[in-house]
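Enquirer: predicted structure and sequence below. I'll ask about it afterward.
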Amino acid sequence: MIENLLFELEMAAPQVILGLVNGAFYALLSLGLAIIFGMLNVINFAHGAQFMMGAFVAWMLLAWAGIPYWGALVLAPLIVGVFGVVIERTMIARLYKLDHLYGLLLTFGLALIIEGVFRNGFGSSGLPYAPPAAFNALNIDIPIMFLPGYRVWVVIASVLVCLATWLVIEKTKIGAYLRAATERPELVQAFGINVPRMMTLTYGAGVALAAFAGVLAAPIYSVNPAMGANFIITVFAVVVIGGMGSIMGSVVTGFGLGLIEGLARVVYPEASATVVFVIMAIVLLTRPAGLFGRG
Amino acid sequence: MADTAISVAAPDAVHEEAGLFGFTRAQALAFGVLVAFVLVSPFFLYPVFLMKVLCFALFACAFNLLIGYVGLLSFGHAAFFGMGGYIAGHTAKVWGLTPEIAIIGGGAVGAVLGLGIGWLAIRRSGIYFAMITLAMAQMVYFFCLQAPFTGGEDGIQQIPRGRLFGLIPLDTDFTLYWLVAAIFLGGFLLVHRVVHSPFGQVMKAVRENEPRATSLGYRTDDYKLLAFVLSAGLAGVAGGTKAMVFGIATLTDVHWNMSGEVVLMTLVGGLGTVFGPVVGAAVIVTMQNYLAEFGAWVTVIQGVIFVACVLAFRRGVVGEIGNLLKVRL
């Protein structure tokens, strides 16, 4: 009996943990989408492409400049974030007065361009990026499972960054401006705060979050041009399920759905790819605004 | 509402000239040119290329019915297009039924799928609507990847063209062309008729100001859903026809890239214009044909066109021409 249970656990535990790792990425990506959407009212379709850019920049830093993982973890989000700022200033800022759907179409086009350029430059087969050996110290080797230390780190890093973002938005002065400008941009501007610059920086920050997730993902998935496109649609479903009203909401939904996906892989593997979409359908039927959404 | 709405076509005049199928004089003229082109072109151009253009033109018209007249941006139309292809292929190849039944079957299944997805998606609007349709279409993609009847990565290959009504063999491209042309023109006129019916007027009212339409006593959700089902059904017909033309139905047609392509075609031609989707489809298919040798650069070029259209060219080709000539096309 107990042996049987142990066996079951041995089957299930790795998948569930894998789900948690995926959830870490869902949380980071949907957090960035939610911040951008809250401030700019733009759904950033290029989010997946910017995630992929983060991974590629980390790879380039290592291969071309010899900058190791830790440096990349700081530098890559900065570089991709600056790229985001340029995109916002030159293109997205021109669309604020139009229907929000134009922002979606523009960023979709940007995603095509970015992915196409990287596919031309690096092929579609994928490049290896080894995690630093130091993470082996975090390896979890217990009777029911073996978990590479790097994956433990991914979950920890994701939780820390999500928590930090939440703290900045909820507890600091900048966060208060941000929340106020999300609600009533004209009024905040009337108080002498440079709202357009806040929007630019918000977009840059959201993009930087995506790039950070990309660096985290580089050692796990092979660094390839399609890595973001595969993620982003699931992340959209996560965003619909959570509703974009709250920061914590998108983080909790991200991790939760990653776990559920992992469980589905144990119980009914055929459904693992679609379970998030099924949950989205159920949520739409019962709570159209999303689990944490407001109206 | 109106100035922020995604449709960039000129708002309809209150008193429209009533003509055949609700065409204005300029539109009737443009329609004449279109019909003449459809009739003459197969004598000069490669019929398979023309059939591809017509299939995508019908697909784009179906998509435009939603974005142009109801103001709903679906990012999941590949699901209906691709599924239509699979159903038509299966019907013709495995069940051995005639091509017209295969294509109608593709359209019917597209419509049923549209009923399900539309029923969910119309609960939200705007950006959420786009994300929901995208996610649901991705689910259809995974279904097609795993379901046995679609042939997974291989798709359904060597679909026989068969005999129309069991009588006319469609083996030559030239014969098949006339069937495809008839389907396209039929679909095009159907969309136009729907848009200019009382039903279509309510659709446009929903686009311009949904709360107002509701307050006038219209069940706007029913109108949105019916428009969605119609659009999905026509997309299914387009996909089924394409499968019959090329003899294959594959995952390419259900992939979200295809949803993006139909958005691009409609955007290039002109959102909410009558002839825009046709022109856009012709432009994009031609471009893909000529640029095929550049491989992955095609994606980059499509992205650049997307960005350029959104930033500087929101009326599209037909919208710009109409604006110059001061007519609605």
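Expert: Here it is on my side, so go on.
Enquirer: can you pull the contacts of residue 118?
Expert: If you meant another chain, say so; for now it's chain A. Neighbouring residues of A:F118 by CB atoms under 8 Å, 6 or more residues apart in numbering or on different chains: A:52-53, A:56, A:225. Every C-beta, even on glycine, is put in place using the N, C-alpha and C of the backbone.
Enquirer: that's the wrong chain, I wanted chain B
Expert: Neighbours of B:G118 in contact, by CB under 8 Å, 6+ apart: B:224-225, B:228-229, B:232.
Enquirer: name the element it belongs to?
Expert: helix B:99-121 (DSSP states H and E).
Enquirer: chain center to that helix, what's the gap?
Expert: Centre-to-centre, helix B:99-121 and its host chain are 13 Å apart (CA atoms, centre = their mean, to the nearest Å).
Enquirer: which is the next helix or strand following that helix?
Expert: That would be, after helix B:99-121 and using DSSP H and E, helix B:126-146.
Enquirer: figure out how far that following helix is from the centre of its chain.
Expert: The answer for helix B:126-146 is 17 Å, by CA atoms, centre = their mean.
Enquirer: distance check, A:A27 against A:A205.
Expert: According to CB to CB, to the nearest Å, A:A27 and A:A205 sit 16 Å apart.
Enquirer: more neighbours: those two, which one.
Expert: Between A:A27 and A:A205, A:A27 has the larger neighbour count (other CB atoms under 10 Å in any protein chain shown), namely 28 against 20.
Enquirer: for the more buried one, which non-adjacent residue is spatially closest?
Expert: Using CB to CB, 6 or more residues apart in numbering or on different chains and skipping the chain neighbours, the partner closest in space to A:A27 is A:G254 (3.0 Å).
Enquirer: check which helices and strands the one helix or strand that neighbour maps to sits against.
Expert: Using DSSP H and E, A:G254 sits in helix A:247-267. The contact analysis (3 or more CB pairs under 8 Å, 6 or more residues apart in numbering or on different chains; DSSP states H and E) places helix A:247-267 against helix A:2-40, helix A:149-171, helix A:227-242, helix A:275-286.
Enquirer: return it as CSV; C-alpha atoms alone will do.
Expert: Extracted in CSV, the C-alpha atoms of helix A:247-267 (Å, rounded to 0.1, in the frame of the first residue of the first chain):
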residue,chain,number,x,y,z
ILE,A,247,-0.9,42.4,-9.5
MET,A,248,-1.2,39.6,-7.0
GLY,A,249,-4.1,38.1,-9.0
SER,A,250,-1.9,37.5,-12.1
VAL,A,251,0.9,36.1,-10.0
VAL,A,252,-1.4,33.7,-8.1
THR,A,253,-3.2,32.7,-11.3
GLY,A,254,0.2,32.1,-13.1
PHE,A,255,1.6,29.7,-10.5
GLY,A,256,-1.8,28.0,-10.0
LEU,A,257,-2.3,27.3,-13.6
GLY,A,258,1.2,26.0,-14.0
LEU,A,259,0.5,23.6,-11.2
ILE,A,260,-2.8,22.5,-12.7
GLU,A,261,-1.1,21.9,-16.0
GLY,A,262,1.5,19.7,-14.2
LEU,A,263,-1.2,17.7,-12.5
ALA,A,264,-3.0,17.2,-15.8
ARG,A,265,0.1,15.8,-17.2
VAL,A,266,-0.1,13.1,-14.5
VAL,A,267,-3.8,12.4,-14.6
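Enquirer: thought B:S74 was touching B:F129?
Expert: Yes. Counting by CB atoms under 8 Å, B:S74 touches B:F129, with 7.4 Å between them.
Enquirer: any idea how far the residue of chain B found nearest chain A lies from A:L104?
Expert: Here chain B gets closest to chain A at one residue, B:F306, 2.7 Å apart by CB to the nearest CB. Noted for B:F306: a distance of 11 Å to A:L104, by CB to CB.
Enquirer: which residues does the nearest residue to B:V300 once chain neighbours are set aside contact?
Expert: Spatial nearest neighbour of B:V300, chain neighbours left out: A:G116 (3.5 Å); criterion: CB to CB, 6+ apart. Residues counted as contacts of A:G116 (CB under 8 Å, 6+ apart) are B:296-300, B:303.
Enquirer: need those residues in TSV with neighbour count, can you?
Expert: Shown next, in TSV, are those (neighbours: other CB atoms under 10 Å in any protein chain shown):
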residue	neighbour count
B:A296	16
B:W297	15
B:V298	17
B:T299	22
B:V300	19
B:G303	24
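Enquirer: wait, which of the residues you listed is closest to B:A137?
Expert: B:T299 (19.0 Å; CB to CB).
Enquirer: helices or strands up against the helix of greatest length in chain B?
Expert: For chain B, the helix with the greatest residue count under DSSP state H is helix B:220-246. Under the contact criterion of 3+ CB pairs under 8 Å, 6+ apart, helix B:220-246 touches helix B:47-69, helix B:77-93, helix B:99-121, helix B:173-195, helix B:198-208, helix B:210-215.
Enquirer: and B:A181, how far from B:L50?
Expert: 8 Å.
Enquirer: what's the overlap in contacts for the two?
Expert: B:P42.
Enquirer: of those two, who's got more company?
Expert: More crowded of B:A181 and B:L50, by other CB under 10 Å: B:L50, with 23 against 19.
Enquirer: quick one: contacts for that one?
Expert: B:41-42, B:177.
Enquirer: next up, the contacts around the spatially closest residue to A:G242 that is not a sequence neighbour.
Expert: Ranked by CB to CB, 6+ apart and with sequence neighbours excluded, the top spatial neighbour of A:G242 is A:T253, at 3.3 Å. Counting by CB under 8 Å, 6+ apart, A:T253 makes contact with A:26-27, A:30, A:238, A:241-242, A:291-292.
Enquirer: JSON lines for the residues you listed, including distance to B:G187 and pLDDT?
Expert: Converted to JSON lines, these look like this (distance: CB to CB, whole Å; pLDDT from 0 to 100):
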{"residue": "A:Y26", "distance to B:G187": "40", "pLDDT": "94"}
{"residue": "A:A27", "distance to B:G187": "44", "pLDDT": "94"}
{"residue": "A:S30", "distance to B:G187": "39", "pLDDT": "93"}
{"residue": "A:V238", "distance to B:G187": "36", "pLDDT": "90"}
{"residue": "A:I241", "distance to B:G187": "36", "pLDDT": "90"}
{"residue": "A:G242", "distance to B:G187": "39", "pLDDT": "87"}
{"residue": "A:L291", "distance to B:G187": "40", "pLDDT": "86"}
{"residue": "A:F292", "distance to B:G187": "42", "pLDDT": "84"}
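Enquirer: so which of those residues is the closest to B:G236?
Expert: A:I241 (28.1 Å).
Enquirer: wait, B:V304 touches A:V117, no?
Expert: No. Look at B:V304 against A:V117 with CB under 8 Å: they stay out of range, at 10.6 Å.
Enquirer: picking that back up, mind listing what's buried in the helix holding A:G254?
Expert: Of all the residues in helix A:247-267, those buried under the rule 16 or more other CB atoms under 10 Å in any protein chain shown are A:247-266.
Enquirer: next one: that helix to chain centre, how far?
Expert: Worked out by CA atoms, centre = their mean, helix A:247-267 lies 13 Å from the chain centre.
Enquirer: and if you look at stretch A:12-31?
Expert: So, by CA atoms, centre = their mean, the centroid of stretch A:12-31 is 11 Å from its chain's centroid.
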